[in-house]
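Peer 1: any chance you can model this:
(chains A and B)
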Amino acid sequence: NAGVTQTPKFRVLKTGQSMTLLCAQDMNHEYMYWYRQDPGMGLRLIHYSVGEGTTAKGEVPDGYNVSRLKKQNFLLGLESAAPSQTSVYFCASIRTSGRGETQYFGPGTRLLVL
Amino acid sequence: GDSVTQMEGPVTLSEEAFLTINCTYTATGYPSLFWYVQYPGEGLQLLLKATKADDKGSNKGFEATYRKETTSFHLEKGSVQVSDSAVYFCALTAGGTSYGKLTFGQGTILTVHP
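Peer 2: From the prediction side, this is the model:
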């Protein structure tokens, strides 16, 4: 049981390049989330999904797209990377949205946009 | 909207000192409250949680009590260890149709010296 995994661990992009971050979970969780972590700002929600084939915007969705074609995978795409997207990206999942459900986090992807 | 405010850091303590990290929140409905910990170079791990007023969450010597009257969820530990050095995040999920989305505080860096 690997939990939540993220690929890649680290990436350097040039401004304008595109990339996709992959999140995978093997816990059969329905809900998945993408957050970004910036110094002094905690984690902020980018997009989330409440089930296969669904996606919704979070607090800071601009410049990102997501897809949930399979229940176990949640992809985060940057179509045209900008230096402001330099951050650490965390994926998380929960079984349901019931009261007090614990979110399980992946190890993070560190992205540097030059 | 929902928000979480943590005490400003960083916090530096000597081993065996008493720790308090303040956390207050604003939320509609009846939120669930969480403390997450992030060790250097790792993702977030759930430390403790509370789902209703007057609940006390506890784990690894850490405690926090859900105080609805003061909208607070302060983290405490009676005797910290060097291994407790990490970043601590207070977070909430709002009641109702929040879909399990977490709202985080900005994080508090704790450094414990021998």
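Peer 1: contact partners for residue A:82?
Peer 2: A:15, A:63, A:113 (CB atoms under 8 Å, 6 or more residues apart in numbering or on different chains). Where you see a C-beta, it was placed from the backbone N, CA and C, and this is true even at glycine.
Peer 1: how many other residues sit next to residue A:83?
Peer 2: A total of 11 residues lie near residue A:83 under the criterion other CB atoms under 10 Å in any protein chain shown.
Peer 1: quick one: it and residue A:111 touch, right?
Peer 2: No: with contact defined as CB atoms under 8 Å, residue A:83 and residue A:111 do not form a contacting pair (10.6 Å).
Peer 1: which helix or strand lies directly C-terminal to the helix-or-strand element of chain A with minimal mean pLDDT?
Peer 2: Counting by mean pLDDT, DSSP states H and E, the weakest-scoring helix or strand in chain A turns out to be strand A:104-105, with a mean of 93. Beyond strand A:104-105 in the direction of the C-terminus, DSSP states H and E gives the next helix or strand as strand A:109-113.
Peer 1: now residue 35, which residues is it bridged with?
Peer 2: Just going to use chain A. Beta-bridge partners recorded for residue A:35 (DSSP bridges): residue A:45, residue A:90.
Peer 1: switch to chain B, please.
Peer 2: On DSSP bridges, the residues paired with residue B:35 through beta bridges are residue B:48, residue B:90.
Peer 1: now residue A:57
Peer 2: When bridges are assigned using DSSP bridges, the partners listed for residue A:57 are residue A:47.
Peer 1: which parts of stretch B:60-79 are buried?
Peer 2: By neighbour count with 16 or more other CB atoms under 10 Å in any protein chain shown, stretch B:60-79 contains the buried residues B:62, B:63, B:64, B:65, B:66, B:67, B:72, B:73, B:74, B:75, B:77.
Peer 1: residue A:110 is in contact with residue A:10, correct?
Peer 2: Yes: here residue A:10 reaches residue A:110: they are 4.7 Å apart, a contact under CB under 8 Å.
Peer 1: more neighbours: which of these two?
Peer 2: residue A:110 (15 against 10).
Peer 1: could you pull out the strands for chain A?
Peer 2: When assigned using DSSP state E, the strands of chain A occupy the ranges A:4-7, A:10-13, A:19-25, A:31-37, A:43-49, A:56-57, A:65-67, A:73-78, A:87-94, A:104-105, A:109-113.
Peer 1: contact partners for the residue nearest the centre of chain A?
Peer 2: For chain A, residue A:34 is the residue whose C-alpha lies nearest the centre (CA atoms, centre = their mean; 2.8 Å). Residue A:34 is in contact with A:21, A:23, A:45-48, A:58, A:64, A:66, A:74, A:76, A:89-91, counting by CB under 8 Å, 6+ apart.
Peer 1: what about residue A:69, how many residues nearby?
Peer 2: Applying the criterion other CB under 10 Å, we find 9 residues in the vicinity of residue A:69.
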